[in-house]
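S.K.: Pasting the sequence and the predicted model now:
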Amino acid sequence: MDNPSNRRCTLPDLGLRVAAAVLLLLSPAAVTPAAGDAAHDTAVHSNYLIIVRSPYEYDKNVHKNISSWHASLLASVCDMAKEALEKDPASVTRLIYSYRNVVNGFSARLTPEELDKMSKMDWFDRALPEQTYHLLTTHTPQMLGLMGDARAAGLWNTTNMGEGVIIGVLDDGIYAGHPSFDGAGMKPPPAKWKGRCDFNKTVCNNKLIGARSFFESAKWKWKGLRDPVLPIQEGGHGTHTSSTAAGAFVPNTSVFGNGVGTATGMAPRAHIALYQVCYVEKGCDRDDILAAVDDAIEDGVDILSLSLGHEEAIDFSDDPVSLGGYTAIMNGVFICAAAGNTGPSAATLVNEAPWLLTVGASTSDRRFAASVKLGDKVELEGESLDDPKTTKVDEPRPLMRDAADGTCANENVLIAQNVTGKIVVCEPGGVVSTEKAKLLKRLGAAGMIVVAPPAFGPVIIPRPHALPTVQVPAMAGMKIRSYVQTQRTPTASFVYKGTTLNNPESPMMAPFSSRGPNRRSRGILKPDIVAPGVNILAGVPRIEDLELPPNERMPLFDIKSGTSMSAPHVSGIAALIKHAHPTWSPAAIKSALMTTAETTDNLRKPISDVDGKPASYFAMGAGHVNPHRAMDPGLIYNMTAIDYVPYLCGLNYTDKKVSTIIYPESPVECAKMPKLQEDDLNYPSITAILDQPPFSVLANRTVTNVGAPSSTYSVEVDVPATVKVEVNPTKLTFKALEEVQKYAVTIKSADGKMPTGIVEGQLRWVSGKYVVRSPILVLPAGKAPPRAAAKTSL
């Protein structure tokens with residue numbers, strides 16, 4: 001390497017030493033943010049993630065730590081003038097973060113000329129331009145069986161509510177004084193905890209044990225973004241997700257009289273550590289995400305919950321969630337990520353790496369029932385968050401539609417129509433419904449009917465509005481529209497029915513939940529599972545877009561929907577499993593959740609999608625989470641982090657990219673190891689791509705006994721007649737816990753030809769109370785990475 005004393009950026013040499021010292025003082029943790037700013041630079045700079053070629057390591061006799069080494073690498077190409085350095089030695093560095101765990105590299109601000117010069121260095125692998133990720137935005141503990149009932153004890157009784165488990169949440173901040181984060185009755189965090197809480201001691205407690213902001217990269221991307229100093233909640237997202245995962249018991253909660261009860265997270269006695277990486281109306285910077293995961297691993301978290309993602313199918317070696325997730329499982333940290341909110345279109349899923357648990361969204365069995373009663377006595381069902389006890393629109397009012405495009409977005413048209421005292425029907429489109437409500441209230445309307453988009457089917461996402469509002473499905477909206485058009489004096493009134501539970505056909509797929517197939521690895525089924533993500537009541541600092549009368553208290557709970565809400569449900573459930581099985585690997589926890597998932601609703605019918613048809617595997621993965629069964633799954637599909645290396649080689653990743661993903665493990669040479677096809681990865685689901693003659697696939701699996709010490713499992717296979725499935729052996733006999741058995745599955749086309757479409761089936765290993773289920777997904781030819789070399793059976 002170049003001699004640090006022989007570089008333009010180090011003039012005078014004091015500059016580098018001062019800058020490195022500042023780096024060390026600012027953060028002793030896994031990621032070191034750089035000091036100073038680039039005010040003296042005259043060229044155009046951009047943020048880059050710089051990947052250092054493995055196995056490059058720094059000379060510990062020359063550099064005290066990795067951050068000073070990274071500073072020296074950056075200094076070798078920086079273009080600062082001598083005058084600028086003499087005026088402000090701290091400005092020598094444009095190093096943003098120096099990573100120690102998640103990737104072999106650093107993030108920095110560079111000019112195009114500097115980047116070109118850097119690309120010629122022998123230590124340089126590649127540079128990734130900045131990227132922005134986005135947030136993927138009660139009663140559910142009872143629905144999921146955590147609280148128990150008269151027939152059986154709940155899971156909280158057997159897991160002590162996740163006591164001693166630390167859940168790290170990456171989000172947009174937290175309202176630290178919220179009652180959901182009350183530490184009363186909580187034990188101190190375990191001795192392994194090394195993180196910190198940047199709030200004062202009045203709000204940092206044994207519940208909220210960690211709270212930090214990661215801002216060093218974002219501040220350069222979004223000019224005018226204030227340094228948060230503290231991870232104070234800007235929006236309602238981070239407080240909502242954190243309290244969903246592990247919020248304390250808060251009695252007598254509701255949203256304007258709806259959903260009255262005790263609010264609590266999935267793991268009420270687990271600890272929370274919040275890492276702020278996202279900013280309202282901006283997003284989440286990739287390099288800040290990497291820095292937060294890097295520190296969280298060293299802080300000692302057990303679970304990482306990420307309700308964020310990038311809509312593009314980013315290469316695993318370039319994606320911070322994939323990179324950080326791999327390092328997390330390498331350190332025994334379970335990582336749970338949201339699937340995305342761009343459904344129901346196909347191939348919209350995010351967070352696709354197989355070492356992540358990817359969670360889609362489903363409905364719960366709770367509704368905030370209200371209906372629109374038309375003048376002809378027809379009553380159309382919908383939902384509302386109006387207070388059912390105090391809101392009165394029970395007398396018929398004149399009913400009208402927006403005469404423009406129906407969306408209630410044109411104020412001039414509404415004024416001309418004279419909406420005063422009327423109920424106005426608003427179609428989807430234009431601004432959000434909460435803004436429409438403010439406009440109509442200002443114009444004197446008596447109420448509003450919001451029609452949901454047709455793609456939502458029967459699913460309603462109610463929001464609090466500024467005037468009485470009932471939200472109805474698109475089919476009901478069509479009937480209302482026809483009524484208005486055919487009646488001379490149409491009228492309507494609202495009927496409020498309050499909160500209803502145990503509604504039939506629950507759960508159902510959420511319309512917005514992103515769908516497979518997996519764009520980065522077609523042979524791995526994603527999402528993995530689904531969990532409640534529609535109309536989830538949890539803590540917030542305030543209800544967004546809501547105007548209240550003077551002196552009226554702002555509610556501290558709100559209803560939100562998204563896979564952002566699904567992921568923390570499963571993160572909390574994973575904490576319960578971690579408490580009960582502290583030695584289980586992340587893969588073991590993932591397997592337990594997937595192989596015990598439900599595929600039927602509360603009527604014992606197949607879980608349906610919003611179109612009324614059974615949900616596909618690309619929508620629901622293995623099925624809906626069942627915490628009680630996941631606690632005792634019988635068999636698990638276990639893996640270590642290093643087991644993914646042959647799989648990555650099988651995807652034809654270059655040695656450099658594989659080495660980037662698995663850092664700090666030793667670099668690999670794929671040519672010197674067997675490549676693993678996707679269907680041979682020891683995954684709890686089985687995907688077979690029948691795209692080549694003889695249209696037959698052999699998938700090998702290994703299971704570990706964690707159920708009854710002495711047990712025999714028999715296989716049951718359900719597939720359509722278009723495919724044939726053979727399992728060898730057909731019985732697995734275990735004599736002890738932790739005993740490992742192998743089996744092979746041959747999946748082939750029944751007629752010897754390539755399937756004309758997607759085929760779904762299932763494989764079950766059954767022994768007494770245990771049913772260990774794996775979805776079988778058969779795909780025809782399609783866009784996919786080249787397949788690895790042929791393999792042999794067991």
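M.R.: Alright, I've got the coordinates. Residues are numbered from 1 along each chain as shown.

S.K.: on contacts alone, who are the packing partners of the helix or strand containing residue 327?
M.R.: Using DSSP states H and E, residue 327 falls within helix 320-330. Identification of packing neighbours for helix 320-330 by 3 or more CB pairs under 8 Å, 6 or more residues apart in numbering; DSSP states H and E yields helix 286-299, strand 303-306, strand 334-338, helix 586-595, helix 655-662. (Glycine included, C-beta is placed from N, CA and C.)

S.K.: could you give the angle of the third one to helix 286-299?
M.R.: Right, strand 334-338. Strand 334-338 runs at 150 degrees relative to helix 286-299, counting by axes from the mean of the first three to the mean of the last three CA atoms, to 10 degrees.

S.K.: Note down every partner strand of strand 334-338 and its orientation.
M.R.: Paired strands of strand 334-338, with direction, are strand 303-306 (parallel), strand 357-362 (parallel) (DSSP bridges).

S.K.: Can you lay out these as TSV showing mean neighbour count, mean pLDDT and distance to residue 578?
M.R.: Shown next, in TSV, are those (neighbours: other CB atoms under 10 Å; pLDDT from 0 to 100; distance: least, CB to CB, whole Å):
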stretch	mean neighbour count	mean pLDDT	distance to residue 578
strand 303-306	32	96	7
strand 357-362	31	97	13
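
S.K.: closest to residue 731 out of the helices and strands packed on helix 320-330?
M.R.: Taking CB to CB, helix 586-595 is the member of those nearest to residue 731, at 17.8 Å.

S.K.: any chance of the strands paired with strand 334-338 in TSV, plus distance to residue 687?
M.R.: Formatted as TSV, those follow (distance: least, CB to CB, whole Å):
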stretch	distance to residue 687
strand 303-306	24
strand 357-362	14
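
S.K.: Figure out which of those is closest to residue 394.
M.R.: strand 357-362 (33.5 Å).

S.K.: which other helices and strands contact the next helix or strand after the closest one?
M.R.: Next helix or strand after strand 357-362 toward the C-terminus (DSSP H and E): strand 367-374. On a contact count with 3+ CB pairs under 8 Å, 6+ apart, strand 367-374 meets strand 379-383, strand 469-472, helix 474-486, strand 491-500.

S.K.: got the buried residues for the third one?
M.R.: Applying a neighbour-count criterion of 16 or more other CB atoms under 10 Å, the buried positions in helix 474-486 are 474, 476-477, 480, 483.

S.K.: On the three-state scheme, the residue located most distally from the centre of the chain is what?
M.R.: Distance from the C-alpha centroid of the chain, by CA atoms, centre = their mean, peaks at residue 488 (49.9 Å). Of the three states, residue 488 takes coil under DSSP: H, G, I helix; E, B strand; the rest coil.

S.K.: which intervals of the stretch 51-200 of the chain have sub-threshold pLDDT?
M.R.: 55-56, 79-93, 136-162 (pLDDT under 70).

S.K.: what does the helix holding residue 327 contact?
M.R.: Here helix 320-330 makes contact (CB atoms under 8 Å, 6 or more residues apart in numbering) with 101-103, 133, 286-287, 289-290, 293-294, 296-297, 304, 306, 308-309, 314, 316-317, 334-335, 337, 351, 353, 355-356, 585-587, 641, 644, 660-663, 665.

S.K.: Just the angle for the biggest helix by length in the chain relative to helix 586-595, thanks.
M.R.: Counting by DSSP state H, the longest helix found in the chain is helix 563-580. Here the directions of helix 563-580 and helix 586-595 differ by 120 degrees (the same axes, to 10 degrees).

S.K.: ok, back up a step: next up, the contacts around the residue farthest from the centre of the chain.
M.R.: Residue 488 neighbours (CB under 8 Å, 6+ apart): none.

S.K.: Looking at it now. What's its pLDDT?
M.R.: Looking at residue 488, its pLDDT is 92.

S.K.: same deal with residue 206?
M.R.: On the pLDDT scale, residue 206 is placed at 94.

S.K.: and it, what are its phi and psi?
M.R.: Here is the backbone geometry of residue 206 (degrees, to the nearest 10): phi -80, psi -10.

S.K.: which residues sit in contact with it?
M.R.: Contacts of residue 206 by CB under 8 Å, 6+ apart are 183, 186-189, 271.

S.K.: Just among those residues, which is most surrounded?
M.R.: Tallying neighbours with other CB atoms under 10 Å puts residue 271 at the head of the contacts of residue 206, with 31 neighbours.

S.K.: Backbone dihedrals for that one, both of them.
M.R.: Torsion angles, degrees, to the nearest 10, at residue 271: phi -90, psi 150.

S.K.: and if you look at the one 5 residues further on?
M.R.: Dihedral angles phi and psi of residue 276 (degrees, to the nearest 10) take the values phi -80, psi 120.

S.K.: Surely it touches residue 210?
M.R.: No. The criterion here is CB atoms under 8 Å, and residue 276 misses it with residue 210 at 10.8 Å.

S.K.: okay, which residue is most central for the protein?
M.R.: In the chain, the centroid-proximal residue (CA atoms, centre = their mean) is residue 338; its distance is 2.1 Å.

S.K.: Tell me the pLDDT of it.
M.R.: In this model, residue 338 carries a pLDDT of 95.

S.K.: Same check on the one 10 residues further on?
M.R.: pLDDT, residue 348: 93.

S.K.: And for residue 16?
M.R.: Residue 16 carries a pLDDT value of 28.

S.K.: next one: residue 633
M.R.: 97.

S.K.: Skipping adjacent residues, who's closest to residue 117 in space?
M.R.: The shortest distance from residue 117 to any non-neighbouring residue, by CB to CB, 6 or more residues apart in numbering, is to residue 77 (4.5 Å).

S.K.: quick one: which of the buried residues of helix 474-486 is nearest residue 617?
M.R.: Closest approach to residue 617 among those (CB to CB): residue 474, at 26.1 Å.

S.K.: The closest residue to the closest one other than its chain neighbours and residue 728: what is the separation?
M.R.: Leaving aside its sequence neighbours, residue 474 sits nearest to residue 454 (CB to CB, 6+ apart; 4.2 Å). Using CB to CB, to the nearest Å, we find residue 454 at a distance of 48 Å from residue 728.

S.K.: Helices along the stretch 51-200 of the chain, start to end?
M.R.: For the stretch 51-200 of the chain, the helices defined by DSSP state H, counting those that start in this stretch occupy 66-75, 82-87, 112-118, 140-143, 155-159.

S.K.: wait, the stretch 601-750 of the chain
M.R.: 617-620, 627-630, 645-650, 655-662.

S.K.: Compare those and report which one is nearest to residue 129.
M.R.: Set against residue 129 and scored by CB to CB, these come closest in helix 655-662, at 16.0 Å.

S.K.: What are the buried residues along that closest one?
M.R.: Buried residues in helix 655-662, counting neighbours by 16+ other CB under 10 Å, are found at 657-662.

S.K.: by contact count, what packs against that helix?
M.R.: strand 124-129, helix 320-330, helix 645-650.

S.K.: Residues contacting the last one, please?
M.R.: Translated: helix 645-650. 316, 354, 657-658, 661-662, 668, 670, 673-678, 681, 787-788.

S.K.: related to what we said a few turns ago, relative to residue 218, which of the buried residues of helix 655-662 is nearest.
M.R.: residue 660 (22.9 Å).

S.K.: and the strand or helix carrying residue 537, which strands flank it?
M.R.: Per DSSP H and E, residue 537 falls inside strand 536-539. Using DSSP bridges, the strands paired with strand 536-539 are strand 557-560 (antiparallel).

S.K.: Can you give the contact residues for the strand it pairs with?
M.R.: Under CB under 8 Å, 6+ apart, the answer for strand 557-560 is 137, 236-237, 240, 250, 253-255, 258-259, 263, 368, 385, 462-464, 535-540, 543-544.
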